[in-house]
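[1] Fold the following.
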Amino acid sequence: MATQMGGASGFLLPLCPSRGHSGLPMPPCLALRLRSAFLPPRFLRCVVDSKGTHVLSTSSFAIRCNAQKRPVYIPNRIDDPQYVRIFDTTLRDGEQSPGASLTSKEKLDIARQLAKLGVDIIEGGFPISSPDDLEAVKAISKEVGNEIDEDGYVPVICALARCSKKDIDAAWEGVKEAARPRIHMFIATSDIHMKHKLHKTPEEVIDIARSMVAYARSLGCQDIEFSPEDAGRSDPEYLYKILEEVIKAGATTLNIPDTVGYTVPGEFGELIAKLKANTLGAENAIFSTHCQNDLGLATANTLAGAIAGARQLEVTVNGIGERAGNASLEEVVMAIKCRGSEQMGGLVTGIRTKHIAAASKMVAEYTGMHIQPHKAIVGANAFAHESGVHQDGMLKFKGTYEIIAPEDIGLARADESGIVLGKLSGRHALKSRLLQLGYELDGLRLEDVFKRFKAVAEKKKRLSDGDLEALVSDEVFQPEAVWSLTDLQVVCGTLGMPTATVKLRDTEDREYVSCSVGTGPVDAALKAVDSIVKIPVTLMEYSLNAVTEGIDAIACTRVLVRADNILSSTPQTEKSAHSMFSGSGAAMDIVVSSVKAYVSALNKMLSFKSIQKPRTEFNIKEPKVSV
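    Sure thing, here's the model as predicted:
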């Protein structure tokens, strides 16, 4: 029954503590919180206050959840003064992490997940850097950048460029087919950068910035973001001048990067406030933050900037990025969700937080950069409680030691139905548990994981959540298969030379066999793979972990290889370095796991257009054998 309470519309919800909630519909955000809390009252009241916030109230406490609609997108203005745009640069700055190279397919998958998450702007890449990056940005623009949901939401697709016409042309080529295209250009403004890197005077830098923003506008792009690189160490008086000039030339967003993670929160917040107050024309642009994590302050600086008036925050999933990384999307978003109304002047975002866990897992698997257990929000220990005092409090009421619930980010604490997965379990049970773990799989992907699940379940009595995540990683988050492992046999021990025989299959279903010897079974097997693939690489890192306890645990292997004939550069420097590619594999046999990880890294490398698989000249009807 609908009622009126203090000017807010609401309705009563009958609740049976032993059977869960039922009755009138409620917003999904509140239903999610109900499932994760033991609420003793018999009736709960769901109201919508004057700000559009759903409030689930009892006699003792209230749960709030933002239900505010996303403002209409206008490049240089936000009609809601409390709304903060989330700019995700996982696919550009995040990919600059060593070994985090992403294929075009992987970038497109991540972009789709970011759109599902509801980020306002997706920075797809740095198109001038390589043909692969340009093609990836174009694919994201065409597909993700034109998928408008029922609420009218479609992400802005952005591409990075230095202040040069070649860069800007490539960036515009990459994003122009998106419904909302943006060009993001930068030039250094600190004395140390202008003197030692650019070899330009401050006046020359202003002229370049002004003319390049005007050039981008002349191409037809109406959404221009400008970044004064190393703003954290730049003279504020100089920043006032250059920002004024780029606003006049047509810049719509002014991004203030703490490029080397040098500032502290009070200092960075004060810088944002000064720039907004002293830059002529500041009311005609959106101020943005981009904070690196060199001193571990990226999230704190980002939030300080938001409180000081920045209305766009640049972040990456899992905080990955150059050197120590960037401000973490999940930390910034959940901090605003948890404390925005009380400590940040009512700030809100449009992020659908229930998709955070899935985005985090996808990025971790595709980049090969796994998350430390104690990572805030998405780490394995983020919702774990081992202390007896904490466990006692959690059993009595979860709010005693948790300020957010795992369900808020799309995780389930445990299988409340009591289902244990084993060799007799079916697809529905597997799909249900994977969904609770943050993986949404259907069709062929689910079928592939189910086949591996059945194979492992024949050898293990029960499969843990860690086992399931390892199988998903090995089946779903893999690059396109140029080569696939068909068979493997090794002979090793204290007698004789370790020997491995490997059979690989290519995309045309041809099989190749090679034998090799080595210092151990893994070394021999990887050498056999090299003799088939014939691509010059160097193994830089190798790690092997057991997913669970016990001698029957699944082994997860991660490798990092250096491509000896691929060079790449970052936006900040003209210098090139050898590209690095990561790969992962999982199997109950550690040698099989190792070979799968190595082949995965090679497949990722081979998917880049600059590498071509070498020709092979032999009868394809008979396997090729070399010793």
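[2] pretty sure H578 contacts V561?
    No: between H578 and V561 there is no contact under Cβ atoms under 8 Å: 10.0 Å. (Each C-beta comes from the backbone N, C-alpha and C, glycine too.)
[3] Look up how far L526 lies from L444.
    For L444, the distance to L526 equals 29 Å [Cβ to Cβ, to the nearest Å].
[4] And those two? Which one has more around it.
    Applying other Cβ atoms under 10 Å to L444 and L526 shows that L526 carries more neighbours, namely 25 against 9.
[5] Check the secondary structure at that one for me.
    helix (DSSP: H, G, I helix; E, B strand; the rest coil).
[6] which non-adjacent residue is nearest it?
    Y598 (5.3 Å; Cβ to Cβ, 6 or more residues apart in numbering).
[7] What separation do you get for that neighbour and A277?
    Between Y598 and A277 the computed distance is 56 Å (Cβ to Cβ).
[8] just checking, what packs against the longest strand along the chain?
    The longest strand of the chain (DSSP state E) is strand 555-569. Under the contact definition 3 or more Cβ pairs under 8 Å, 6 or more residues apart in numbering; DSSP states H and E, strand 555-569 sits against strand 537-546, strand 576-587, helix 590-606.
[9] Just want the angle from that strand to strand 537-546.
    Interaxial angle, strand 555-569 versus strand 537-546 (axes from the mean of the first three to the mean of the last three Cα atoms, to 10 degrees): 150 degrees.
[10] Neighbour count for H578 and V561, which is higher?
    V561 (27 against 15).
[11] Model confidence score at A470, please.
    Note on A470: pLDDT of 82.
[12] what do you get for Y439?
    So, for Y439, pLDDT stands at 81.
[13] That one reaches A358, doesn't it?
    Yes: between Y439 and A358 there is a contact at 6.6 Å, judged by Cβ under 8 Å.
[14] Any idea how many residues pack against the spatially closest residue to L280 that is not a sequence neighbour?
    Nearest residue to L280, sequence neighbours excluded (Cβ to Cβ, 6+ apart): E244, at 4.5 Å. Residues lying near E244 (other Cβ under 10 Å) number 17.
[15] my guess is A209 meets S227, correct?
    No: look at A209 against S227 with Cβ under 8 Å: they stay out of range, at 9.9 Å.
[16] okay, and the common contacts of these two?
    Residues touching both A209 and S227 by Cβ atoms under 8 Å, 6 or more residues apart in numbering: I187.
[17] Okay, now the unreliable bits of the stretch 151-300 of the chain?
    Residue ranges of the stretch 151-300 of the chain with pLDDT under 70: none are present.
[18] my read is the residue nearest to L280 is in a helix, agree?
    Yes: the assignment for E244 by three-state DSSP puts it in a helix.
[19] residues contacting it?
    279-281.
[20] repeat for A335
    Taking Cβ under 8 Å, 6+ apart as the test, what A335 contacts is 299, 303.
[21] buried set for the host helix or strand of it?
    Assigned by DSSP states H and E, A335 belongs to helix 329-343. Using 16 or more other Cβ atoms under 10 Å as the test for burial, helix 329-343 gives 329-337, 340-341.
[22] for the residues you listed, which one is nearest L313?
    Of all the buried residues of helix 329-343, V332 has the smallest distance to L313: 5.8 Å, by Cβ to Cβ.
[23] Surely that closest one is in contact with L303?
    Yes: look at V332 against L303 with Cβ under 8 Å: they come within range, at 6.6 Å.
[24] how far away is K361 from E440?
    Distance, K361 to E440, using Cβ to Cβ: 11 Å.
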